[in-house]
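J.: Compute the structure for the input listed below.
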Amino acid sequence: MVSQEQRRRQLAREKFLRQQQRRTQARRKANVRNSVIASVLGVIVIGSVTLYTTGALKGDDKKANAAADVTPSATPPSKAPDPCGKPAAGSVEKMSWKKEPAMTIDTSAKYSMKLATTCGDIDVALKTAAAPHTVNSFNFLAGKGYFDHTKCHRLTTTGIYVLQCGDPQGTGMGGPGYTLPDENLKDKSLKGNTYPAGTVAMANTGQKHTGGSQFFLVYKDSPLPPSYTPFGTVSEAGMKVLQKIAAAGAQAADPTSGNTAPNATVVINKATVTKS
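T.: As a prediction, the model looks like this:
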């Protein structure tokens, strides 16, 4: 028969064993939990390394660049003050001709063109003997008032540095209805596939003999193939006007035309060609 004292000791021993068992189970659970956590962390670390080495996280560089592109649109930079005046009263006349005008200029004489713009006068010495068809066309168009009240619709500030004008539509798509032959593409000034600052040349479609009325004025040496008829040189005073326009910068590209219009309000109030 078990005495009361023996029974008390037995119960105490069983209690101790139960406590030890619970502690052992608790430690086992803790070890399992820690192992799971460590495994998960290991997968995350390995996965991250794998993503980086395979370029998935490098793609974030592209996202960062995209974000950099988006940020200025959301918060556009402060715009420089417009250095130009208000356009003269009047509107653009819509004119078109079916063929190039007949030759009326004296190809042995000197001619100059004045662009009276809202930003100041831009005087151009024309290369009559080297580009007679182009100069004759400008003499004809200016005499008809074709360029009057037209906007210079494009200013490029990277890669090439030109102000483009001569389109009554102001979109880069307009023209007089006829095209001109390419001229003077071997001009001595076009060295190393560069159009030097001060050059006035014809714009075209990228194909031969597709010049019309659009032209560009180079305000800084620009790398271009000799495919655009150089027909004039801007005066020193005219270059100061061009530099003022360029300093004001350009707008974001138009989603329809792709043109980057100048921030300055550049309008040709009057264009005249004069024989000297």
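
J.: Would you tell me what the next helix or strand after the worst-scoring helix or strand of the chain on mean pLDDT is?
T.: Using mean pLDDT, DSSP states H and E, the weakest-scoring helix or strand in the chain turns out to be helix 59-74, at a mean of 31. Next helix or strand after helix 59-74 toward the C-terminus (DSSP states H and E): strand 111-117.

J.: next helix or strand past that next one?
T.: According to DSSP H and E, the helix or strand after strand 111-117 is strand 120-126.

J.: How about residues contacting that next one?
T.: 110-115, 135, 138, 200, 217, 231-235, 237-238, 240-242, 244, 273 (Cβ atoms under 8 Å, 6 or more residues apart in numbering). All C-beta spots, glycine's among them, are computed from the backbone N, C-alpha and C.

J.: Tell me how many other residues crowd Thr171.
T.: Thr171: 14 surrounding residues under other Cβ atoms under 10 Å.

J.: With Ala109 instead?
T.: With neighbours defined by other Cβ under 10 Å, the count for Ala109 comes to 10.

J.: cool, and the one 4 residues further on?
T.: As a burial measure, Met113 scores 23 neighbours (other Cβ under 10 Å).

J.: Quickly note the distance from it to Ala253.
T.: To Ala253, Met113 is 29 Å away according to Cβ to Cβ, to the nearest Å.

J.: now swap in Gly166 and tell me
T.: Gly166 is 20 Å from Ala253, by Cβ to Cβ.

J.: Likewise for Lys275?
T.: Distance from Lys275 to Ala253, counting by Cβ to Cβ: 40 Å.

J.: for His209, same thing?
T.: Applying Cβ to Cβ, the value for His209 to Ala253 is 28 Å.

J.: where does the stretch 1-150 of the chain have low pLDDT?
T.: For the stretch 1-150 of the chain, residues meeting the criterion pLDDT under 70 lie at 1-79.

J.: 90 instead?
T.: Counting by pLDDT under 90, the stretch 1-150 of the chain has low-confidence residues at 1-81.

J.: State the number of residues packed around the closest residue to Arg154 other than its chain neighbours.
T.: Excluding its sequence neighbours, the residue lying closest to Arg154 (Cβ to Cβ, 6 or more residues apart in numbering) is Gln164, at 3.9 Å. By other Cβ under 10 Å, 20 other residues sit near Gln164.

J.: Reduced to three states, what does Gln164 come out as?
T.: strand (DSSP: H, G, I helix; E, B strand; the rest coil).

J.: Tell me the strands beside the strand ranked longest in the chain, with direction?
T.: Assignment by DSSP state E gives strand 267-275 as the longest strand of the chain. With DSSP bridges as the test, strand 267-275 is paired with strand 111-117 (antiparallel), strand 150-151 (antiparallel).

J.: what angle do the longest one and strand 120-126 make?
T.: Think strand 111-117. Put simply, strand 111-117 runs at 160 degrees to strand 120-126, going by axes from the mean of the first three to the mean of the last three Cα atoms, to 10 degrees.

J.: which residues are in contact with strand 111-117?
T.: Applying Cβ under 8 Å, 6+ apart, the contact partners of strand 111-117 are 84, 105, 121-126, 128, 135, 138-139, 142, 147, 152, 165, 232, 238, 241, 266-276.

J.: quick one, what contacts Gly258?
T.: With contacts defined as Cβ under 8 Å, 6+ apart, Gly258 is in contact with Gly172.

J.: Just the pLDDT at it, thanks.
T.: In this model, Gly258 is scored at 91, pLDDT.

J.: Secondary structure of it: a strand, I assume?
T.: No: counting by three-state DSSP, one finds Gly258 to be coil, located in no strand.
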